[in-house]
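Trainee: let's see this in three dimensions:
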Amino acid sequence: MIDPITIAAAFKAATTAIDLAKKGIAIYKEAKSVAGDASGILKDLKEQFHKIVDPSPEQKKQYNEEVKRVQEVANAKPHEVLNDIWDHLGTFVDQYDVMVKAYMASEISSKQVYKGDMSLGRRALERLKLRHQLDSMLAEVREQMVYGAPSELGDLWTRFEKMWTQIVKEQNEALAEEMRKAQVAQWQRARTIEELKARVVWIGAVVLVVLYFLAVMVGIRMTNTYRGLYLYPSWSCVLC
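Mentor: This is a model prediction of the structure:
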């Protein structure tokens, strides 16, 4: 089962990727709308700011941030922004996959005897939390890409999601089968080890009995009674 630290790191990376993708979409749309007019927008911002009598530190901060944002939008190249959006979405689906595997592992492990310290109720709560995170992230990405994505992308997300859903389903089935096989292999290994232990004990017992028998025979040969009964060499080999 994937450890909680790895799951938490995957969740953080996935949500960060979503935020960056949303920011990229906003920049792309604005870059398309202000293309060639950034200087006019900056001029208008400057005029509006200078109309403020004795601006507060907060107003100065907001003005500087807006100027910086407009400059960033003006310098953005739409095709590069689109590439960045898909890179962020790629990061999201990678981390989403890590969390899905963790969820699948938790489902399968729940059918085994649990010997840890966490209560069964807490384990159920953790699995429910993970399921909620997966569903909410996917819903957020779907809504953003379907209703807020640039028109140039068309229904690309819908087509991607359809293919992705199919692949995820196939992989989940393959993962479940692989983990079941691993459990069977683990059980078989444990059984083989137990059988080997039993054979070693049995062989050890046989060896001890044989050694004991040999020791008794040697002891008999060393007694005076034996020597008195079997004086001739032809009678002296009890162990032959």
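Trainee: worst-scoring helix or strand of this structure, pLDDT-wise?
Mentor: Lowest by mean pLDDT, DSSP states H and E among the helices and strands of the chain is helix 224-229, with a mean of 60.
Trainee: how much space is there between the residue nearest in space to the middle of the chain and residue 12?
Mentor: Residue closest to the mean C-alpha point of the chain, counted by C-alpha atoms, centre = their mean, is residue 98 at 3.4 Å. Distance, residue 98 to residue 12, using C-beta to C-beta, to the nearest Å: 11 Å. Backbone N, C-alpha and C define where each C-beta goes, glycine included.
Trainee: coming back round to it: isn't the residue nearest to the centre of the chain up against residue 10?
Mentor: Yes. Using C-beta atoms under 8 Å, residue 98 is in contact with residue 10, at 4.1 Å.
Trainee: what's residue 56 sitting at in phi/psi?
Mentor: Main-chain torsions, residue 56, degrees, to the nearest 10: phi -80, psi 160.
Trainee: now residue 55
Mentor: phi -60, psi 140.
Trainee: and the pLDDT at it?
Mentor: On the pLDDT scale, residue 55 is placed at 78.
Trainee: kindly report the same for the one 3 residues further on.
Mentor: The per-residue pLDDT reported for residue 58 equals 84.
Trainee: can you check residue 135 too?
Mentor: 90.
Trainee: for the host helix or strand of residue 12, packing partners?
Mentor: Taking DSSP states H and E as the definition, residue 12 sits inside helix 4-33. Here helix 4-33 touches helix 57-75, helix 78-109, helix 120-147, going by 3 or more C-beta pairs under 8 Å, 6 or more residues apart in numbering; DSSP states H and E.
Trainee: let me know which of those is the nearest to residue 197.
Mentor: Distance to residue 197, taken as C-beta to C-beta, is lowest for helix 78-109 among those, at 26.9 Å.
Trainee: could you point out the longest helix of this structure?
Mentor: Assignment by DSSP state H gives helix 156-221 as the longest helix of the chain.
Trainee: let me see the contact set for residue 132.
Mentor: By C-beta atoms under 8 Å, 6 or more residues apart in numbering, the contact set of residue 132 is empty.
Trainee: I'd like the numbering to begin with 38 instead of 1 from here.
Mentor: All set: I'll call the first residue 38, so the last point we hit is now residue 169.
Trainee: distance check, it against residue 144.
Mentor: With C-beta to C-beta as the criterion, residue 169 and residue 144 are 15 Å apart.
Trainee: on that earlier part again, which one of the helices and strands packed on helix 41-70 has the poorest average confidence?
Mentor: Ranked by mean pLDDT, these bottom out at helix 94-112, with a mean of 74.
Trainee: please put the alpha-carbon coordinates of it into PDB.
Mentor: What follows is helix 94-112, C-alpha atoms only, in PDB (Å, rounded to 0.1, in the frame of the first residue of the first chain):
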ATOM      1  CA  PRO A  94       0.300  51.600   0.300                       C
ATOM      2  CA  GLU A  95      -2.300  48.900  -0.500                       C
ATOM      3  CA  GLN A  96      -3.400  50.900  -3.600                       C
ATOM      4  CA  LYS A  97       0.200  51.200  -4.700                       C
ATOM      5  CA  LYS A  98       0.700  47.500  -4.300                       C
ATOM      6  CA  GLN A  99      -2.500  46.700  -6.300                       C
ATOM      7  CA  TYR A 100      -1.400  49.100  -9.100                       C
ATOM      8  CA  ASN A 101       2.100  47.600  -9.300                       C
ATOM      9  CA  GLU A 102       0.700  44.000  -9.300                       C
ATOM     10  CA  GLU A 103      -1.800  44.900 -12.100                       C
ATOM     11  CA  VAL A 104       1.000  46.500 -14.200                       C
ATOM     12  CA  LYS A 105       3.100  43.400 -13.700                       C
ATOM     13  CA  ARG A 106       0.200  41.200 -14.700                       C
ATOM     14  CA  VAL A 107      -0.600  43.100 -17.900                       C
ATOM     15  CA  GLN A 108       3.100  43.100 -18.900                       C
ATOM     16  CA  GLU A 109       3.200  39.300 -18.300                       C
ATOM     17  CA  VAL A 110       0.100  38.900 -20.500                       C
ATOM     18  CA  ALA A 111       1.600  41.100 -23.200                       C
ATOM     19  CA  ASN A 112       4.800  39.100 -23.300                       C
END
